[in-house]
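In: Provided below are the primary sequence and the corresponding predicted coordinates.
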Amino acid sequence: MIVLAPDDGTAPRRAMALEDAIFRLVPDFIAKVEWAKKTYNARSETVAEKRTFRESWALGRRCIIPAELIYEPRYSDFGNAERWAIRQPGAVPMGIAGIYNEVAHPDGRKFFTMAMLTVNADDHPFMQPFHKPGEEKRMVVILDPKDYMDWLSCSVAEAVAYLKPWHGPLEGAPALLPPRQKEPRARRGSEPPPATGDLF
């Protein structure tokens, strides 16, 4: 993720910094319950209210999540879903608006976690075939590159203006997952496979 670099008082203006982060605001070592698995998205309409996200939002912990592709289920007229990859024409990388948090692992290590912000896309012409028919259409907040620094550095009240659907060009194509390989079953009495570290 891209965040605002710490202000050490020596630079004439703030800069951006790149940080590693877990793609979910609540990782497994904090909670393994079902809702925690879905904290990779935060609804813009409720990000300031929901207990999971509100602290990050209130503290201005905003980030930009670089992405080449977004994957969404696209539905046919018959109700069948197909996995599609969505991108900007020319494979131009996207900057997705997000929030982040810093969490401590039980062993004492510190980690950043992040979540993408989403908005309603019921009226978005490109997003109409995506998501299940009859359900609300949603899309991630794609930022205009000229707004990157403002998104990271503006006040919480000002940040709300950036939470809107992207109306720039998008294109998509089917991107089916390869068939899942079955794990070979170990025979009784056979030796377990070596750990990955033993192979190299």
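Out: Structure received.
In: give the residue spans of this protein that score low on pLDDT.
Out: 9-12, 183-200 (pLDDT under 70).
In: how about the strands in it?
Out: Remark: strands assigned in the chain by DSSP state E are 2-4, 16-18, 22-23, 41-43, 62-67, 70-75, 81-87, 94-104, 110-120, 138-140, 142-143, 171-174.
In: what's the closest of those to Glu55?
Out: For Glu55, the closest of those is strand 94-104, at 7.4 Å, according to CB to CB. Yep, even glycine has a C-beta here, placed from its N, CA and C like the rest.
In: only the buried residues of that closest one, if you could.
Out: Of all the residues in strand 94-104, those buried under the rule 16 or more other CB atoms under 10 Å are 94-101, 103.
In: which pair in these spans the largest distance?
Out: Among the buried residues of strand 94-104, Met94 and Val103 lie farthest apart (CB to CB), at 25.8 Å.
In: so how far is Asp7 from the residue most central in space within the chain?
Out: In the chain, the C-alpha closest to the average C-alpha coordinate belongs to Met116, at a distance of 3.7 Å (CA atoms, centre = their mean). For Met116, the distance to Asp7 equals 26 Å [CB to CB, to the nearest Å].
In: now swap in Glu45 and tell me
Out: 31 Å.
In: what's the answer for Pro89, then?
Out: Distance from Pro89 to Asp7, by CB to CB: 37 Å.
In: cool, Asp77 as well?
Out: 54 Å.
In: those two: who's more crowded?
Out: Asp7 (11 against 7; other CB atoms under 10 Å).
In: and Tyr75, what are its bridge partners?
Out: Here Tyr75 shows beta-bridge partners Ala81, assigned using DSSP bridges.
In: report the contact partners of it.
Out: 81-82, 129-133 (CB atoms under 8 Å, 6 or more residues apart in numbering).
In: cutoff 10 Å now
Out: Contact analysis of Tyr75 by CB atoms under 10 Å, 6 or more residues apart in numbering lists 81-82, 128-133, 135.
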